[in-house]
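[1] All I have is the shape, not the residue letters:
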Ligand code: HEM
């Protein structure tokens, strides 16, 4: 198990949602056209968005997990997780642009400027892009301190995504409150103050 | 007519199975699909999924329905989606929730409370509310505020013929409708973090309510309304966004001054009182210029331009003469 968490095989885990999405698409295309309901494009956008959000939560939880539980193995997978998160966010955007809007550039632009929830999602996506693009040894060395600064923007991305989803919700705020609490929790446990406390409790 | 259903038993020949078979067959043969689509419909009938739990008087009344000139001849949205993809938050906020969690709801016996500025008020059995009125089949477009639409074969009576029975007074300016409040049978009414208050309330201006297009539906696809579609009695106002077409109506009252509707209270910027379908007034979060006519396929969302008043402008535009529709949306 420990070995697996640190191995290349971890991509199987990160890819699992993708296999599920591909399975659903296969169902719709060849087995049961109604597998994703009567509005499959919309269903796919939502599904990919949710996967991207879960990936983001996963990456954000690596450092807290390490600090609190000394789970070191997972730490080496941060880069892979981050890239996977960006990949799903990209697929989410592609599904929206290609399937939902059918590449109507005017509507794409309109949405981006006039719909705050789209603007928030888009900004989050740009941050994820910048982080994914610099997730390689060369960039890490080249940017060194600036790299760490850049990757702190991940918190902002998380906040923007929460805002994105919050603005979409129409009535049932239960899910979004849970997501917001998880993200807030993950940020809080990174606070040096909080880590100190944990250490003290452990040392007793 | 080269294929025959193989397994249709006598018991399975319910009005809706017949309806589906006929429709499916026509559509299937148009698409050259014949047997496949056809056996799907008879399969559903075999499974007994379509047996109609409505009381006998209602089934009889539905059976005698007549076609309406107001019907569109656009392709129908399949039964599976009309009854499986619903916004009925009383049963949950996912589109598939109403079908899943609506099954425990008991629409019979049912009575309707009529109150306010009318000569005749009180509580009336549904049977008496509908007695003697002839049911029409009306195939209407339904445009959801979320920018998707369906084409649905409703069965119902003009709302005006029901309202006339209670003889509204001339000072009645609005008609208020209220959905039943039964948290024990409607899980959505028990949910935490709800942005909307129950019971659900909708309001029409009296001239909108008396308009010949406004339908009080009691059935769909040749059968009584399934719970997830608002059994046993719901409004259908085809030129307005779907949320105006309030479901499972238990109270009707005639008033001089209108109360706020449920969605107006929840979010007045996004959901206006009139809620007329209007491609030029966008929802704050998305454009209303187009809609996805369901079902769409993965690689073609079936986007079509949205029409003013959902294509019923000839009939209803005069109701709103002189009203600035970008202000009164
Ligand atoms: C790149 C720009 C983005 C665009 C244009 C975009 C657009 C959308 C759209 C159109 C929806 C469906 C809204 C609806 O249900 O009506 C959606 C939902 C969603 N998006 Fe995004 N999004 C973007 C970025 C992101 C990112 C970066 C994430 C997460 C990492 C994300 C997470 C979600 C989630 C979780 C949902 C589902 C919300 C729900 O209905 O429960 N989005 N997005």
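    Right, received. Where do you want to start? Predicted model, so just to flag it, every value in this text is computed and none were measured. Numbers count the residues shown, from 1 in each chain, chains lettered A, B, ... in the order given.

[2] interface residues of chain A facing chain B?
    Selection of chain A residues close to chain B by Cβ under 8 Å from any Cβ of the partner chain yields A:25, A:28-29, A:33-34, A:36-42, A:44, A:99-100, A:102, A:107, A:110-111, A:114-117, A:167-174, A:177. Yep, even glycine has a C-beta here, placed from its N, CA and C like the rest.

[3] among these, which are in reach of the ligand?
    By Cβ under 6 Å from any ligand atom, the members of those lying near the ligand are residue A:168.

[4] List buried residues within the residues of chain A next to chain B.
    A:28, A:34, A:36-42, A:44, A:99-100, A:107, A:110-111, A:115, A:117, A:167, A:169-173 (16 or more other Cβ atoms under 10 Å in any protein chain shown).

[5] Restricted to strands, list these.
    Using DSSP state E, no member of those falls in strands.

[6] Please narrow those residues to those residing in helices.
    A:40, A:41, A:42, A:44, A:107, A:110, A:111, A:117, A:167 (DSSP state H).

[7] Neighbours of residue B:121, how many?
    Residues near residue B:121, counting by other Cβ atoms under 10 Å in any protein chain shown, number 16.

[8] Show the backbone phi and psi for it.
    phi -130, psi 170 (degrees, to the nearest 10).

[9] now do the one 3 residues further on
    When quoted as degrees, to the nearest 10, the phi and psi of residue B:124 stand at phi -120, psi 140.

[10] OK, contacts around the closest residue to it other than its chain neighbours?
    Counting by Cβ to Cβ, 6 or more residues apart in numbering or on different chains, residue B:112 is the residue found nearest to residue B:124 once chain neighbours are left out, at 5.5 Å. Taking Cβ atoms under 8 Å, 6 or more residues apart in numbering or on different chains as the contact definition, residue B:112 lies against B:123, B:124, B:126, B:129, B:233, B:249, B:250, B:251, B:252.

[11] Which residues are in contact with residue B:239?
    B:213, B:276, B:277, B:309, B:310, B:312, B:313, B:315, B:316.

[12] Make a ChimeraX selection of the buried ones in these.
    Command for ChimeraX that selects the buried part of the contacts of residue B:239, burial taken from 16+ other Cβ under 10 Å:
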select /B:213,276,277,309,310,312,316
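
[13] and which of the contacts of residue B:239 is nearest to the ligand?
    residue B:277 (18.2 Å; Cβ to the nearest ligand atom).

[14] got any ranges where the chain has weak pLDDT?
    Using chain A here. A:1-6, A:71-72, A:170-172, A:195, A:202-204 (pLDDT under 70).

[15] was after chain B, sorry
    In chain B (pLDDT under 70), the answer is B:1-50.

[16] most centrally placed residue in chain A?
    residue A:56 (2.9 Å; Cα atoms, centre = their mean).

[17] Break down the stretch 151-300 of chain B into its helices, ranges please.
    Ranges of helices in the stretch 151-300 of chain B, per DSSP state H, counting those that start in this stretch, are B:159-165, B:206-209, B:262-266.

[18] Show me what counts as buried in the last one.
    Along helix B:262-266, these residues count as buried under the neighbour rule (16+ other Cβ under 10 Å): B:262, B:263, B:264, B:266.

[19] what do you get for the second one?
    Taking 16+ other Cβ under 10 Å as the basis for neighbour counts, the residues of helix B:206-209 that come out buried are B:206, B:208, B:209.

[20] cool, the first one as well?
    Of all the residues in helix B:159-165, those buried under the rule 16+ other Cβ under 10 Å are B:159, B:160, B:162, B:163, B:165.

[21] What's the local residue count around residue 113?
    Because you didn't say which chain, this covers chain A. When neighbours are counted by other Cβ under 10 Å, residue A:113 registers 10.

[22] Correction: the question concerned chain B.
    14.

[23] Contacts only, for it.
    Residues near residue B:113 by Cβ under 8 Å, 6+ apart: B:122, B:123, B:124, B:250, B:251, B:252.

[24] for residue B:262, same thing?
    Applying Cβ under 8 Å, 6+ apart, we find residue B:262 in contact with B:196, B:197, B:200, B:201, B:202.

[25] residues contacting the residue positioned nearest the centre of chain B?
    Nearest residue to the geometric centre of chain B (Cα atoms, centre = their mean): residue B:236, 4.6 Å. Contact analysis of residue B:236 by Cβ under 8 Å, 6+ apart lists B:138, B:140, B:142, B:154, B:156, B:214, B:215, B:216, B:217, B:245.

[26] Spatially, which residue comes closest to it, not counting chain neighbours?
    Residue B:236's closest residue in space is residue B:215 (Cβ to Cβ, 6+ apart), at 4.3 Å.

[27] try residue B:231
    Closest residue to residue B:231 apart from its sequence neighbours, by Cβ to Cβ, 6+ apart: residue B:107 at 3.8 Å.

[28] in what helix or strand does residue B:138 lie?
    Assigned by DSSP states H and E, residue B:138 belongs to strand B:136-143.

[29] Quick one: distance of that strand to the chain centre.
    8 Å (Cα atoms, centre = their mean, to the nearest Å).

[30] For the residue nearest to residue B:286 when sequence neighbours are not counted, what are phi and psi?
    For residue B:286, ignoring the flanking residues on the chain, the nearest one in space by Cβ to Cβ, 6+ apart is residue B:147 at 5.8 Å. Residue B:147 adopts backbone torsions of phi 70, psi 30, taken as degrees, to the nearest 10.

[31] Contact partners for residue B:147?
    B:283, B:286, B:287, B:288, B:290, B:291, B:292, B:306.

[32] try it again with 10 Å
    The contact partners of residue B:147, by Cβ atoms under 10 Å, 6 or more residues apart in numbering or on different chains, come to A:39, A:42, A:100, B:241, B:282-283, B:285-292, B:303, B:306.

[33] swap in residue A:40?
    A:24-25, A:27-29, A:33-34, A:47, A:95, A:99, B:294-299, B:301.

[34] let's see it at 6 Å
    For residue A:40, the contact set (Cβ atoms under 6 Å, 6 or more residues apart in numbering or on different chains) comprises A:28, B:298.

[35] go on, residue B:95?
    By Cβ under 6 Å, 6+ apart, residue B:95 lies in contact with residue B:85.

[36] what about 8 Å?
    Shown in contact with residue B:95 (Cβ under 8 Å, 6+ apart): A:37, B:85, B:86, B:87.

[37] Which one of those residues is nearest to residue B:103?
    residue B:86 (13.0 Å; Cβ to Cβ).

[38] Can you report how many residues neighbour that closest one?
    25.

[39] ok so it is a helix residue?
    No - with DSSP: H, G, I helix; E, B strand; the rest coil as the criterion, residue B:86 is coil rather than part of a helix.

[40] could you list every residue that touches it?
    B:95, B:98, B:99, B:228, B:229.

[41] Which of the residues you listed ranks first by neighbour count?
    Going by other Cβ under 10 Å, residue B:98 tops the contacts of residue B:86 with 29 neighbours.

[42] Can you tell me the element it falls in?
    helix B:97-101.

[43] does that helix come close to chain A?
    No - Helix B:97-101 stays clear of chain A (Cβ under 8 Å from any Cβ), getting no nearer than 9.7 Å.

[44] can you list the residues that contact that helix?
    In contact with helix B:97-101 (Cβ under 8 Å, 6+ apart) are residues B:83-84, B:86-88, B:91-92, B:187-188, B:226-229.

[45] redo that, cut-off 10 Å
    By Cβ under 10 Å, 6+ apart, helix B:97-101 touches A:172, B:80, B:83-92, B:94, B:105, B:185-188, B:226-230, B:247.

[46] And for stretch A:100-112?
    A:39, A:41-42, A:44-45, A:93, A:95-97, A:117-119, A:121-122, B:147, B:282, B:285-287, B:289-290, B:292, B:296, B:299-303.

[47] What ranges does the stretch 51-200 of chain B have for its strands?
    B:66-67, B:111-116, B:122-125, B:136-143, B:148-158, B:174-179 (DSSP state E, counting those that start in this stretch).
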